[in-house]
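Trainee: predicted structure and sequence below. I'll ask about it afterward.
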Amino acid sequence: MVILTVGLNHTTAPVEIRERLHLSGTALPPFFERLVQEGGVNERLVLSTCNRVEVYAVTENPEHAQVTIPRLLAEGTRTPLALFEDRLYWHRHDAAVRHAFRVAASLDSLVLGESQILSQVKAAYEVARAQGVTGPILNTLMTRSLGVAKKVRTETGIGEAAVSIPSAAIGLAKTIFGELSGRTVLILGAGEMAEVAVRHLRGEGVQAVVVAHRHFDRAVEMAAQLEGRAVRFDQIHQELLQADIVLSSTAAPHHIVHRADVEELIRLRRNRPLFLIDIAVPRDIDPAVNEIDNVYLYDIDDLEGVVAGHRLAREREAEQAELLIDREVASFLRWLKSLEVVPTLVMLRRHLEEIREAELAKALSRLPGLTPAQQDVVRTLAHGIINKVLHHPTTELKRQSVNRDGLLYVSALRRLFGLQDDD
Amino acid sequence: MDVIFFYGALILYVVGTLAYLLLLWIKGGPLSQLGTAATVGGFALHTLALLARLIAAGRPPLGNTYEALSFFAWATVLVYLGLELRFRRKVIGAFVLPIVLLTALAAASVPKGSAVLSPAFRNTWVWLHVTFVLLGSAALALTCGVGLMYLLQERQLKSKSLGVIYYRLPSLDFLDGLGHRALLVGFPLLTAGLITGAIQSQAARGQILMWDPTQLLSLVTWVIYAGLLQARLTAGWRGRKAALLAILGFSAVLATFLGVSVLLGRPHTFN
């Protein structure tokens, strides 16, 4: 029984190929069916997202599956095999387990630590389980993958630091203000970045949006879009008294907010903190403003720097996550090994023979008068009972083990007799 | 008996403090549980220690330097655990537990006998004085720890290079608000402590000020906190300056406490 993963992702294939191989919805049931009929696969699952298409399979005959799965993928998506064959990666056994864990934990994602993949894995698993195409091994693999992903999320900081400019700015705002609900944001000038940022901020519960623009009609237009209020540019000092967050992106060729203005402002605000985000080039706000207490000024380079730092932070956390995954893979492989039929039967026999030896020794010591021939009879009797008792379960277990539910018998047997690995 | 409990608590505080400090760098479920478990366990043993002494001595365990330091440490842990329960911010522990540990270590290093009690303790006011001062100090210890956190986080934001600690520390708003609330609790208690101390001094010796170093330093402490509160309430002081002043104020508390009582070996004994 081998776990096999075959697939391609954003590092091995461009989007034109990934989108052609996308497998979902009604295309799945016939694909699953053919995997059994032609691929000789016992358990299967498809994970198809915009960044990856992967088939997880459990099979007795990996060589055969390795040839069949790409062909079925090609036929199932009507894509020439030659187009993607050399972009596929293969993982077997422990490598496949590790891959599943890494994917779910977002260590294999385009944006390290992104959280979407977790729900995508969960959805893929639910689809496969609903169609009854998974079995004990993939069920456990997927449940464990989800568990590992959650563990990685809580025990490392991989998903904490924001890795886009708007979300980094929001992270900073939250570090200054705590909750953002009820806060006011003032937009100076226009621009796509400002609009994106406002949408993010709205999502965080920011209450009031005020837009100021050199051309008042532009301000009105933008305020309507952002469900905010438009003000004339010469009134911004009044608005600066109220605002918590200021987003500046005007086309002014020089500073429009000076240090002395802000010093005065912060005095009038009675030190209420002010977060200034200057995404204009050339800059709108005098950088020296950042030196004032309770004022925090970030320009576009500062934000880029924060994002770069956050990426590094995620990479550091990813190293921790890999260690965690090493441990989880080892634990999964131990579980997998416990499902193998032959070692289980060997253990069962050894277990019964230990009992036989102990009981024989006890019985013979109570029967000192027996001749060697009589002792042999007793020994043969004990031996015979063990063999007779074991005969049927052994053949039945071997027969069942090729079926999908066979593993259940193995694990039940282990539990009933308390069989445990020596290592 | 009570001293054994106290040492047990001390050991658990060491474990708890280390766990909380490590949590600044390492994010970890087990470590974070260890920090809380050790601190709660230490607090339980510490409570037993105080109760055992209360029963054995037949009076509140506030009669000498050891008992005072021990009670202060206990009250600070109580305040911290309340906060952890309320806000689930274990990072605060990394800044408050070291204060607890240092005071508990100081308590461990002074004589612990409960036999000799200053004659001043025959007066009821002195018990009130000590209780108020110690409870107030526990709240002010929190303003100090939180102030330190504020300064660190503010440094991160101003310098624009965000280290590991940036992700662990709460927001400036939270820290400033918490520091302010702790001050609003601690300052009245401290004031009540000084007033009851003055009443006791008047009753026992016929004069309010003995000009001993403890009295002088506690006046300095009070003036610092009064200034901080005044600046916060009327001038709208907040943030970095308020945090700096809170740290200065608590340094004065510690100087009053440890400096005079322990280092100079001249306990403030009211006689």
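Mentor: Perfect, I can see it now. Remember, predicted model here, so these are calculated numbers, not experimental data.

Trainee: ok, now how distant is B:Ile92 from B:Val110?
Mentor: Here B:Ile92 is placed at a distance of 28 Å from B:Val110 (C-beta to C-beta, to the nearest Å). Any C-beta I mention is one placed from the backbone N, CA and C, and that applies to glycine too.

Trainee: which one of the two has more residues nearby?
Mentor: Between B:Ile92 and B:Val110, counting by other C-beta atoms under 10 Å in any protein chain shown, B:Ile92 is the more crowded of the two (23 against 17).

Trainee: now do the contacts for that one.
Mentor: Listed by C-beta atoms under 8 Å, 6 or more residues apart in numbering or on different chains, the contact set of B:Ile92 reads B:80, B:83-84, B:145-146, B:149, B:170.

Trainee: how about a cut-off of 6 Å?
Mentor: B:Leu83 (C-beta atoms under 6 Å, 6 or more residues apart in numbering or on different chains).

Trainee: can you give me the pLDDT of the closest residue to A:Arg183 other than its chain neighbours?
Mentor: Spatial nearest neighbour of A:Arg183, chain neighbours left out: A:Asp244 (4.2 Å); criterion: C-beta to C-beta, 6 or more residues apart in numbering or on different chains. Turning to A:Asp244, the model gives it a pLDDT of 93.

Trainee: what is the burial count for A:Asp244?
Mentor: With other C-beta under 10 Å as criterion, A:Asp244 counts 21.

Trainee: pretty sure it contacts A:Gly182?
Mentor: No. The pair A:Asp244 / A:Gly182 is not scored as a contact, 9.1 Å apart, by C-beta atoms under 6 Å.

Trainee: okay, residue 150: pLDDT?
Mentor: I went with chain A, as the question did not name one. 93.

Trainee: that answer is for a different chain, and I need it for chain B
Mentor: So B:Tyr150 comes in at 96 (pLDDT).

Trainee: and the helix or strand containing it, what does it pack against?
Mentor: Per DSSP states H and E, B:Tyr150 falls inside helix B:124-159. Helix B:124-159 sits against helix B:65-87, helix B:93-109, helix B:172-205, helix B:240-254, with contacts defined as 3 or more C-beta pairs under 6 Å, 6 or more residues apart in numbering or on different chains; DSSP states H and E.

Trainee: next secondary structure element downstream of that helix?
Mentor: Sequence-wise, the next helix or strand downstream of helix B:124-159 (DSSP H and E) is helix B:164-168.

Trainee: now do the same end-to-end measure for stretch B:110-123.
Mentor: Start-to-end span of stretch B:110-123 (C-alpha to C-alpha, to the nearest Å) is 24 Å.

Trainee: relative orientation of the helix holding B:Tyr150 and helix B:240-254 in degrees?
Mentor: 140 degrees (axes from the mean of the first three to the mean of the last three C-alpha atoms, to 10 degrees).

Trainee: for helix B:124-159, buried residues please.
Mentor: B:125-154, B:156-157 (16 or more other C-beta atoms under 10 Å in any protein chain shown).

Trainee: report the distance from it to the chain centre.
Mentor: 6 Å (C-alpha atoms, centre = their mean, to the nearest Å).

Trainee: got the angle between it and helix B:172-205?
Mentor: Relative orientation of helix B:124-159 versus helix B:172-205 (the same axes, to 10 degrees): 160 degrees.

Trainee: give me the angle between helix B:124-159 and helix B:93-109.
Mentor: Going by the same axes, to 10 degrees, helix B:124-159 makes 140 degrees with helix B:93-109.

Trainee: quick check: angle from helix B:124-159 to helix B:65-87?
Mentor: Taking the same axes, to 10 degrees, one finds helix B:124-159 and helix B:65-87 inclined to each other by 50 degrees.

Trainee: give me the pLDDT for B:Leu194.
Mentor: For B:Leu194, the predicted pLDDT is 90.

Trainee: the closest residue to chain A within the stretch 101-250 of chain B and A:Leu268, how far apart?
Mentor: Residue of the stretch 101-250 of chain B nearest chain A, by C-beta to the nearest C-beta: B:Gly236 (3.0 Å). As judged by C-beta to C-beta, B:Gly236 and A:Leu268 stand 10 Å apart.

Trainee: show me which of those two is the more surrounded one.
Mentor: B:Gly236 (16 against 13).

Trainee: dihedrals phi and psi, the more buried one?
Mentor: Per-residue torsions, B:Gly236: phi 70, psi 30 (degrees, to the nearest 10).

Trainee: let's verify A:Gly205: helix, strand, or coil?
Mentor: Secondary structure assignment for A:Gly205 (DSSP: H, G, I helix; E, B strand; the rest coil): coil.

Trainee: okay, now it: neighbour count?
Mentor: So A:Gly205, with other C-beta under 10 Å, has 11 neighbours.

Trainee: next, A:Ala313: phi, psi?
Mentor: According to degrees, to the nearest 10, A:Ala313 has phi -60, psi -40.

Trainee: for the residue lying closest to it once chain neighbours are set aside, helix, strand, or coil?
Mentor: Nearest residue to A:Ala313, sequence neighbours excluded (C-beta to C-beta, 6+ apart): A:Ala161, at 4.7 Å. For A:Ala161, the assignment made with three-state DSSP gives coil.

Trainee: next, count neighbours for A:Ala161.
Mentor: 23.

Trainee: please apply the same query to the one 4 residues further on.
Mentor: The burial metric for A:Ile165, expressed as a neighbour count using other C-beta under 10 Å, is 20.

Trainee: leaving out chain neighbours, which residue sits closest to the residue in the stretch 151-300 of chain A that chain B sits nearest to?
Mentor: In the stretch 151-300 of chain A, the residue that lies nearest chain B is A:Arg270 (3.0 Å; C-beta to the nearest C-beta). Nearest non-adjacent residue to A:Arg270, counting by C-beta to C-beta, 6+ apart: B:Gly236, 3.0 Å away.

Trainee: do the same with A:Ala124
Mentor: A:Leu47 (4.4 Å).

Trainee: and chain A, which residues reach chain B?
Mentor: Residues of chain A that fall close to chain B, judged by C-beta under 6 Å from any C-beta of the partner chain: A:155-157, A:160, A:175-178, A:270-271, A:293-294, A:296, A:302, A:309.

Trainee: and the two most separated of those residues?
Mentor: Spatially, the most separated pair among the residues of chain A next to chain B is A:Glu155 and A:Arg270, at 42.1 Å (C-beta to C-beta).

Trainee: out of the two, which sits in the busier spot?
Mentor: Remark: of A:Glu155 and A:Arg270, A:Glu155 carries more neighbours, 19 against 12, as counted by other C-beta under 10 Å.

Trainee: show me what contacts the closest residue to B:Ala75 other than its chain neighbours?
Mentor: Nearest residue to B:Ala75, sequence neighbours excluded (C-beta to C-beta, 6+ apart): B:Ala138, at 3.6 Å. Listed by C-beta under 6 Å, 6+ apart, the contact set of B:Ala138 reads B:75-76, B:79.

Trainee: which SSE is residue 218 in?
Mentor: Here I'm looking at chain A. helix A:216-225.

Trainee: that's the other chain; I wanted chain B
Mentor: Per DSSP H and E: B:Ser218 is located in helix B:213-234.

Trainee: only the buried residues of that helix, if you could.
Mentor: B:214-215, B:217-218, B:221-222, B:224-225, B:228-229, B:231-232.
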